[in-house]
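J.: have a look at this prediction, sequence included:
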Amino acid sequence: MTSVDTDSPQFRDALDTARRALQRGGPLVVLSGAGMSAESGVPTFRDAQTGLWERYDPTDLATPEAWRADRDMVWAWYRWREHLITSTTPHAGHVAIARAAAHREVEVVTQNVDDLHERAGSPVVHHVHGSLFAHRCDTCATPIEVSPPPPEPVDRLEPPHCTRCDGRARPGVVWFGETLPRAPWEAAVRAVTAAGVVVVVGTSGLVYPAASLPGLAAQAGAPVIEINPGPSGLGDEVDVHLPAPAGQVLPALLAS
């Protein structure tokens, strides 16, 4: 990843502005997107389409209709994604967020379905798009414990049976056409509207309805800091944009 000239006057000024914003009282809320995980080497949705899975369109594997048509194939695909994620580690940005929680109230609201924030040590993480590791019954929604994912991709894998009904284990993610899980979404809205400051990191433009969260924070009076190596993907709600990778700038920004 290209490094950023953190000694440039423009970057120093932006970093100082962000640090002043962080001195406000109230909770720190971090909104993280796919770029946050990509820095750890987590393949994006389409990047995982290699080898055995390159003949499939990933959007065709992420719908309730695909599950009903061939759940053994869909389950195999998602278990392979689990393996890819468990082979990665949290980066310095994840760790900086977790360490900040030792000094102030910190809540993470993430669109990512991995567990990198939890593995880094963040105590409060709201998964608005679900979690790849929160398997549940496809019929009664009972949580289901599953074995570790296979170390090599397979084209078909039978999902475990539910112990309470005739259902099968399914990934705990939000598929296309499904609504967001109510509890994490409501927690996310409460978090941003009560935040002292909000940091949006690793996204060039949050997918709706998550895209409304920075605006809700700004309306409630919280400064919004955006961390993204590329151009800002947000609007007038952003108070300062730090054009840098999360793993590079978050340790400097959140150092106590």
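T.: Okay, I see it. Numbers count the residues shown, from 1 in each chain.
J.: burial count for residue 152?
T.: For residue 152, the count of nearby residues is 9 (other CB atoms under 10 Å). Just so you know, the C-beta spots here come from the backbone N, C-alpha and C atoms, and that holds for glycine as well.
J.: give me the secondary structure label for it.
T.: Counting by DSSP: H, G, I helix; E, B strand; the rest coil, the backbone at residue 152 sits in coil.
J.: middle-most residue in this structure, spatially?
T.: Nearest to the mean C-alpha position of the chain, counting by CA atoms, centre = their mean, stands residue 112 at 2.3 Å.
J.: that one contacts residue 31, correct?
T.: No - contact criterion CB atoms under 8 Å: residue 112 and residue 31 do not qualify, at 10.7 Å.
J.: quick one: which helix or strand includes residue 136?
T.: strand 130-137 (DSSP states H and E).
J.: next, the buried residues of that strand.
T.: 130, 131, 132, 133, 135, 136, 137 (16 or more other CB atoms under 10 Å).
J.: which of those residues lies closest to residue 100?
T.: Set against residue 100, the nearest of the buried residues of strand 130-137 by CB to CB is residue 131 (21.9 Å).
J.: measure that closest one to residue 18 for me?
T.: 29 Å (CB to CB, to the nearest Å).
J.: okay, residue 234: pLDDT?
T.: Here the pLDDT value assigned to residue 234 is 83.
J.: number of nearby residues for it?
T.: Residue 234 is flanked by 19 other residues according to other CB under 10 Å.
J.: need the contact list for residue 114.
T.: 37, 42, 85, 88, 131, 132 (CB atoms under 8 Å, 6 or more residues apart in numbering).
J.: tell me the confidence at the last one?
T.: pLDDT, residue 132: 95.
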